[in-house]
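Colleague: Sequence and predicted structure, then a few things I'm wondering about:
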Amino acid sequence: MARLGLSGVSALMARIADDDAACDALLAAFAEPVALRAPLRELVLAQQQLLQAEHEVGQVADVLRRDQKYAPVGRPSVHIVQLRKQQAATKQAALVARQRLAQAAQTFVQRSGLPLKARQTPSEAVAAWLPAR
C-alpha cells in the first residue's frame, strides 16, 4: 500500500478544489458522487493538514536535536526552551489534525458506504482508497 505524500495530496487537492468533474471521476464507483463531493474535499484537506503538521513536527524535532547536541550542560538556554515550546505546539497541532482527519474519514465512509475490513478504522480504509485514485 503506497502512502500519498504531501505533494501528492496537494496535487489532488488542487485537482478537485473547484472541478466537480474531477471529483465525480474519483467518486465514479459510488452510488451518488454528487453528494460525496464535499466530504471528499474535506477529507483531502484534512489529509493535507495532517501531513503538513507532521512535517512541521519533524522539522522542529530536527532543529531541537541539533541545538541540544551542542548545548552546554546545566540549565537550558532560552533558545532551547523556546524550541521545546514550539515542539509542544506543533505536536498539539498534529494531534488536532489527526482528529480532524479521523472525523472526515468517518463522515466519508458513512456517506459513501466504503467497505471496511475487520478491525479496520475508517482512516485506514480511506488511506488505502485515496492513493489508488
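Modeller: In hand now; what should we look at? Quick caveat: nothing in here was measured; it's all calculated off a predicted structure.
Colleague: The one helix or strand residue 52 maps to - contacts with which helices or strands?
Modeller: Per DSSP states H and E: residue 52 is located in helix 37-69. Packing partners of helix 37-69 (3 or more CB pairs under 8 Å, 6 or more residues apart in numbering; DSSP states H and E): helix 6-16, helix 20-26, helix 78-112. C-betas here are computed from N, CA, C, even on glycine.
Colleague: for those helices, which one sits closest to residue 49?
Modeller: Evaluated with CB to CB, those place helix 78-112 nearest to residue 49, the distance being 4.7 Å.
Colleague: so which of the helices and strands packed on helix 37-69 comes closest to residue 55?
Modeller: helix 6-16 (6.2 Å).
Colleague: Would you indicate which residues of the closest one are buried?
Modeller: Neighbour-count burial for helix 6-16 flags 8, 9, 10, 12, 16 (criterion: 16 or more other CB atoms under 10 Å).
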